[in-house]
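Trainee: when you get a sec, could you give me coordinates for this:
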Amino acid sequence: MGESYEDASATESVFADSEASAEVAAEDSVDSAIQARPDIPVNLPRMAYVYDYGFRLEAEGIADLQDRHADMCEAAGPYTCQIVSQSQSGYTDDDYATGRLELAVVADQARAFGARLGGAAETAGGEQVSSAITGEDLTRNMVDTEARLRSRILLRDRMMEVLRTRNGSVEELVEAERSVAQINEEIDRARSWLEEMRQRVAYTRINITYSSATAPSSDFLSPVASAVGAIGTILGYMLALAILLATVAIPIGGVVYAARLAKRRLQSEAIEA
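Mentor: Numbers count the residues shown, from 1 in each chain. Presented below is the predicted three-dimensional model:
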């Protein structure tokens, strides 16, 4: 009896060890499966940024600072910075001037380039009075456009296969050719739109405005000039009103005069009778 009990205990111990080993093996298998599972791809947001900077300095220094900023862009190279537009206006008599410069800078260097713009302005005696950063998330638009582009290319390839094998009636082949032409137009539009969005993500737009410290003051003769200019408008309205009244009054006056003349004749005839 003792030996049977010991054998049973040994058997239970073997089973327990086996179950524990099986659990450990199962956990190792699960861990291995988790580690072997491919990572889920995560797409970073595709952002298109616009930087706005405003600088204030003396009117005579705006042109030089604007040219210096443009030279900094050209020195960086066309693959780093490109000039989009440049304009300037000024009033020498009032010591007032403004300017605007638009640049396209590669996205990963935009912030550093903006700091260099501020440094150049300080060197020229100006100060930065405004700055703003705005971004637009183009991820969804780009993903949708890429998916549509792939589907249209696949459909175009299938239609081309129909045309190559010449399977179908003449009407079906003609319709397939029309469909291929239409699909090619859609593919070209999608590619153009996708390329434009990629450029907006790759290059950050930097808008720079320049202004002098004071705006032009009002002139003493400005109100007088405005009043003189308004006289012509007032006279024009008065003349138009006179013409309108004459157009209405002349026919009415003619009718009234004819009525009075007829009344006088009737009265004269009644007296003579």
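Trainee: mind showing which ranges of this protein have poor pLDDT?
Mentor: 1-43, 91-94, 168, 214-230, 232, 235-237, 269-270, 272-273 (pLDDT under 70).
Trainee: give me phi/psi at Leu138?
Mentor: As for Leu138, its main-chain torsions (degrees, to the nearest 10) stand at phi -100, psi 10.
Trainee: please read the previous query as pertaining to Tyr210.
Mentor: The phi and psi values for Tyr210, taken as degrees, to the nearest 10, are phi -120, psi 140.
Trainee: my guess is it contacts Ser89, does it?
Mentor: No - applying C-beta atoms under 8 Å, one finds Tyr210 not in contact with Ser89, separated by 10.3 Å. In short, each C-beta sits where N, CA and C put it, glycine included.
Trainee: give me the common contacts of these two.
Mentor: 97-99 (C-beta atoms under 8 Å, 6 or more residues apart in numbering).
Trainee: same list (the residues you listed) but as a markdown table, adding distance to Ala240, neighbour count and secondary structure.
Mentor: Putting these into a markdown table (distance: C-beta to C-beta, whole Å; neighbours: other C-beta atoms under 10 Å; DSSP: H, G, I helix; E, B strand; the rest coil) gives the following:
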| residue | distance to Ala240 | neighbour count | secondary structure |
| --- | --- | --- | --- |
| Ala97 | 42 | 22 | strand |
| Thr98 | 40 | 16 | strand |
| Gly99 | 44 | 22 | strand |
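Trainee: which one of those residues sits closest to Asp157?
Mentor: Nearest to Asp157, judged by C-beta to C-beta, of these is Gly99 at 52.4 Å.
Trainee: which residues does the closest one bridge with?
Mentor: With beta bridges defined as DSSP bridges, Gly99 has these partners: Gln88, Tyr210.
Trainee: for Arg264, see how far away it is.
Mentor: 80 Å (C-beta to C-beta, to the nearest Å).
Trainee: Cys81 too?
Mentor: Counting by C-beta to C-beta, the gap from Cys81 to Arg264 is 94 Å.
Trainee: more crowded one of these two?
Mentor: The residue with more neighbours, out of Cys81 and Arg264, is Cys81; 21 against 10, by other C-beta atoms under 10 Å.
Trainee: leaving out sequence neighbours, find the closest residue to that one.
Mentor: Spatially, and ignoring its direct neighbours in sequence, Cys81 is nearest to Cys73 (4.0 Å; C-beta to C-beta, 6 or more residues apart in numbering).
Trainee: who touches the host helix or strand of the one you found?
Mentor: If you go by DSSP states H and E, Cys73 is part of helix 59-76. With C-beta under 8 Å, 6+ apart as the test, helix 59-76 has contacts from 55, 57, 81-83, 86, 88, 90, 92, 95-99, 101, 103, 105, 109, 113, 116-117, 120-121, 124-126, 208, 210-212.
Trainee: buried stuff in whichever strand or helix holds Gly118?
Mentor: Assigned by DSSP H and E, Gly118 belongs to helix 110-123. Of all the residues in helix 110-123, those buried under the rule 16 or more other C-beta atoms under 10 Å are 110, 113-114, 117, 120-121.
Trainee: ok, now stretch 85-102?
Mentor: 86, 90, 96-99, 101-102.
Trainee: which two of these have the greatest separation?
Mentor: Spatially, the most separated pair among the buried residues of stretch 85-102 is Tyr96 and Glu102, at 21.7 Å (C-beta to C-beta).
Trainee: mind checking the SS state of the residue nearest to Ile153 when sequence neighbours are not counted?
Mentor: For Ile153, ignoring the flanking residues on the chain, the nearest one in space by C-beta to C-beta, 6+ apart is Ile187 at 6.2 Å. Here Ile187 is helix, with the state taken from DSSP: H, G, I helix; E, B strand; the rest coil.
Trainee: who's in contact with Ile187?
Mentor: Per C-beta under 8 Å, 6+ apart, neighbours of Ile187: 149, 152-153, 156.
Trainee: just the buried residues of those residues.
Mentor: 149, 152-153, 156.
Trainee: let's have these in TSV, adding secondary structure and distance to Arg200.
Mentor: Putting the buried ones among the contacts of Ile187 into TSV (DSSP: H, G, I helix; E, B strand; the rest coil; distance: C-beta to C-beta, whole Å) gives the following:
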residue	secondary structure	distance to Arg200
Leu149	helix	17
Arg152	helix	22
Ile153	helix	23
Arg156	helix	27
